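Engineer: Could you look at this predicted model? Sequence included:
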Amino acid sequence: MAPFPDSVPTRNLSTSNKDRPTLKQKLSPLNGEPVARSEATAGESTTDESKQSVNQKDHSALSSEDDHSADDEQLSHHDSIGASVQRLEIPHVLITAAGDEAANQLVPCKSTAKRRLDELLKNPITFVLATKATMDSEPVRKRRRLKAPQMDERYEAISRVNHVHPRPDLGAHGLRNDKGLACYRISVLQALVNIPIFVNWVRLHGFNPNHGNCISCALCHLADAYWPFRGQQVSGNIMNALSRFHTVFNGMKTTSTYHKRLQKFNKQEDAHEFFVILMGLISKEMPKSEFEAIFGLKAFWQRTCRRCGGISKNHTVVDDFLTVYVLQPKRGLEFMAYFEHLFKEFMSGLVECENKKCRGKDHDRRNLIIDGPEILLVQINRTAHTKMGREYKVNARVNPPLYLDLSEYLLDARMRRPGTLRYRLASVVQQAGDTSFGHYTAKVVTPKGIELVNDRFVEGPLPIKRLLMANDDDFTPYILTYLKIRE
């Protein structure tokens with residue numbers, strides 16, 4: 001029985017072994033014609049010129065389809081199976097390199113990976129030390145930002161507010177303290193008018209001189225004078241705007257006891273109390289969605305019973321101030337230890353478990369953030385009381401951090417990776433003295449750098465360590481303003 005199908009041409013099986021090609025016979029990889037003679041014709045002499053002519057003949061066959069078909073027919077009848085396989089495995093390509101000797105020659109074709117390897121070996125990579133120029137030119141891979149639906153709503157609410165500084169060529173400007181009692185107001189206003197997003201936001205509200213009881217109009221007027229659209233800052237214009245702000249604030253109708261006390265403007269007051277009242281007035285005049293997106297920390301607390309594991313939740317709240325107590329959990333800790341206490345707290349004996357079968361009184365309380373504001377306000381509360389009830393100031397050394405990461409406190413576990421909700425320190429309102437008297441100044445970050453504003457005097461630029469000091473010439477940090485870092 002024939003070893004091949006009838007449709008495949010094969011050699012004559014009656015051919016003797018001596019007539020068949022042997023291992024010594026070398027076939028051209030192109031058309032299978034013998035380059036070296038078989039044993040039957042080993043006696044015939046072959047010269048280099050004859051071999052070259054055979055190879056040239058083989059190479060020229062690539063340019064003609066007719067020659068291909070003829071060679072294929074010949075190969076199918078006269079090639080050995082091993083030579084055919086070898087020819088298929090090693091294709092040949094035409095060299096296009098420069099030079100007469102290398103041109104128009106056929107060499108075995110390599111895979112793409114091997115050709116790339118040859119190129120790398122001919123041009124090895126040299127490593128040099130990175131410089132600032134090379135690092136700045138490297139493309140930064142941006143991380144995909146995850147967002148909760150509430151974050152998208154807030155982002156849309158302030159989409160019309162510009163985050164770019166209105167005057168990147170100017171720095172801070174002093175505010176004159178005429179009565180010597182307005183430092184608590186001036187320091188807070190300096191912290192606000194040096195934040196670009198706040199300035200651009202109140203400017204959208206506009207200024208109407210006929211609205212004598214609108215605090216947002218007064219702030220817009222102050223922002224326009226502080227950061228003029230063109231030219232340099234004019235002290236007279238800024239002081240006129242500041243005077244109008246005092247007039248509006250002192251003349252507003254209010255039922256707040258604190259506001260009425262501050263309206264008298266006849267003694268030193270607390271900067272935090274003034275800040276809280278000011279935020280309340282702005283929230284009533286500006287769009288609620290915009291105010292909460294800029295100042296409101298949206299969160300709720302979750303309480304877990306240590307006995308039965310039952311979970312209790314409260315309704316969502318929006319806070320425009322976070323308060324860090326330097327005595328809770330104890331004195332002498334770092335800032336982040338106090339800050340973490342706001343979000344993670346052990347409660348014992350204060351409330352009972354909602355499960356009637358449990359009634360446990362030990363709980364782990366945790367605040368979970370739904371979304372953070374553009375401007376995060378943090379108070380470092382230093383007020384304490386003696387056993388007799390007398391109020392005094394705790395001068396504990398607490399260094400505010402330059403960066404504040406709230407990612408681990410987010411409600412959505414997928415977003416708790418570091419950097420998702422991150423803030424950078426923008427200003428520090430600091431106080432020297434006790435709880436009933438003293439002086440306030442502000443350190444602000446401006447296009448000119450870090451500057452210290454002490455009423456009408458401005459000092460700077462300052463090194464960054466001055467912004468983060470726990471005690472700067474008897475002044476201690478009191479109100480911290482953090483600005484959200486946008487990816």
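Structural biologist: Nice, I can see it. Numbers count the residues shown, from 1 in each chain.
Engineer: Could you list every helix and strand in contact with the helix ranked longest in the chain?
Structural biologist: In terms of residue count, the longest helix belonging to the chain (DSSP state H) is helix 235-251. Counting contacts by 3 or more CB pairs under 8 Å, 6 or more residues apart in numbering; DSSP states H and E, helix 235-251 is packed against helix 183-193, helix 215-226, helix 257-263. Every C-beta, even on glycine, is put in place using the N, C-alpha and C of the backbone.
Engineer: same thing but at 7 Å, please
Structural biologist: Applying 3 or more CB pairs under 7 Å, 6 or more residues apart in numbering; DSSP states H and E, one finds that helix 235-251 contacts helix 215-226.
Engineer: what's next to the helix it packs on, contact-wise?
Structural biologist: For helix 215-226, the surrounding residues in contact (CB atoms under 7 Å, 6 or more residues apart in numbering) are 173, 189, 193, 199, 202-203, 205-208, 211, 233, 237-238, 241-242, 244-245, 248-249, 252, 281-282, 285-286.
Engineer: PyMOL command for the buried members of those?
Structural biologist: Filtering the contacts of helix 215-226 down to the buried ones (16 or more other CB atoms under 10 Å) takes a single PyMOL command:
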select buried, resi 173+189+193+199+202+203+205+207+233+238+241+242+244+245+248+249+252+281+282+285+286
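Engineer: re earlier: how far off centre is the longest helix of the chain?
Structural biologist: 39 Å (CA atoms, centre = their mean, to the nearest Å).
Engineer: My read is that residue 361 contacts residue 346, right?
Structural biologist: No - proximity of residue 361 to residue 346 does not meet the contact threshold set by CB atoms under 7 Å, at 11.6 Å.
Engineer: Those two - which one has more neighbours?
Structural biologist: A count of neighbours by other CB atoms under 10 Å puts residue 361 above the other of residue 361 and residue 346, at 15 against 11.
Engineer: wait, what's in contact with that one?
Structural biologist: So residue 361 contacts 348, 349, 352 (CB under 7 Å, 6+ apart).
Engineer: what's the neighbour count on the nearest residue to the last one once chain neighbours are set aside?
Structural biologist: In this case it means residue 352. Counting by CB to CB, 6 or more residues apart in numbering, residue 352 lies nearest to residue 359, which is 5.2 Å off, once chain neighbours are set aside. For residue 359, the number of neighbouring residues by other CB under 10 Å comes to 12.
Engineer: what about residue 359, which SS state?
Structural biologist: The three-state label given to residue 359 by DSSP: H, G, I helix; E, B strand; the rest coil is coil.
Engineer: now it: how far from residue 180?
Structural biologist: Distance of residue 359 to residue 180, given as CB to CB, to the nearest Å: 58 Å.
Engineer: Residue 201 contacts residue 294, doesn't it?
Structural biologist: Yes - taking CB under 7 Å as the definition, residue 201 is a contact partner of residue 294 at 6.3 Å.
Engineer: Looking at these two, which one has more neighbours?
Structural biologist: More crowded of residue 201 and residue 294, by other CB under 10 Å: residue 201, with 28 against 22.
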